[in-house]
Structures are given as structure tokens and as C-alpha cells.
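J.: next one to model:
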Amino acid sequence: MNEALILVPEVQARQALRAERLSLHVLAPPGAWIGCGALRVLRVRRDDEGSTEITAGYDSYAPA
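T.: Numbers count the residues shown, from 1 in each chain. Alright, predicted model coming up:
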């Protein structure tokens with residue numbers, strides 16, 4: 001299931017994983033940037049305690 005969620009919009013991934021305890025991490029370049037486009041899933045990782053961690057990033061970034 002984890003591989004099926006890679007690059008899907010973050011909203012769809014949260015809907016697919018709605019029954020699980022989630023944590024979301026958003027990657028961004030250092031400095032002042034604005035995320036452009038869709039927020040997409042880059043990695044899904046489950047730990048031994050049943051929690052799921054989603055790492056996401058935007059399609060592109062523009063200087064703020």
C-alpha cells in the first residue's frame with residue numbers, strides 16, 4: 001500500500017489512511033520559499049507502534 005501512495009496528492013493519501021494515526025512532515029528548501037502546485041506524498045513509513053508518517057513536498061517552490 002505504501003508504494004501506491006507515492007506522488008499522489010497529500011489529501012488523497014490522508015483519505016486512504018484515515019483510520020490510522022498520522023504524522024505529516026513537509027519538506028521545503030532552506031530560506032523563504034512558497035510551495036507551488038500540489039502537495040504530494042514523497043514517502044510513507046509505518047512504525048512498530050502502528051503510527052504512519054507521511055513526508056510530502058510541493059511540485060515546485062518559488063522565492064518568497
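J.: would you map the helices across the chain?
T.: Here the chain has its helices, by DSSP state H, at 10-16.
J.: which ones are touching the residue nearest the centre of it?
T.: The centroid of the chain falls nearest to residue 56 when counting by Cα atoms, centre = their mean (2.5 Å). Contacts for residue 56 were tallied using Cβ atoms under 8 Å, 6 or more residues apart in numbering; they are 10, 13, 24-27, 39-42. (Each C-beta comes from the backbone N, C-alpha and C, glycine too.)
J.: for the residue nearest to it when sequence neighbours are not counted, give me its contacts.
T.: Of all residues not flanking residue 56 in the chain, residue 10 sits nearest, at 4.7 Å (Cβ to Cβ, 6 or more residues apart in numbering). Residues near residue 10 by Cβ under 8 Å, 6+ apart: 24, 38-41, 54, 56.
J.: OK, contacts around residue 52?
T.: Applying Cβ under 8 Å, 6+ apart to residue 52 gives the contacts 17, 20-23, 44-46.
J.: residues near the nearest residue to residue 63 once chain neighbours are set aside, how many?
T.: Among residues not flanking residue 63 along the chain, residue 33 sits closest, at 6.4 Å (Cβ to Cβ, 6+ apart). Residue 33: 14 surrounding residues under other Cβ atoms under 10 Å.
J.: tell me, please, where in the chain the pLDDT is lower than the cut-off.
T.: 1 (pLDDT under 70).
J.: what segments of it are strands?
T.: Assigned by DSSP state E, the chain shows strands spanning 21-26, 33-46, 51-63.
J.: turn these into JSON lines, columns for distance to residue 6.
T.: Converted to JSON lines, these look like this (distance: least, Cβ to Cβ, whole Å):
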{"stretch": "strand 21-26", "distance to residue 6": "15"}
{"stretch": "strand 33-46", "distance to residue 6": "6"}
{"stretch": "strand 51-63", "distance to residue 6": "10"}
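J.: picking that back up, residues contacting the residue nearest to residue 63?
T.: Residue 33 neighbours (Cβ under 8 Å, 6+ apart): 61-64.
J.: ok, what's across the strand from residue 9?
T.: Residue 9 forms beta bridges with residue 40, as assigned by DSSP bridges.
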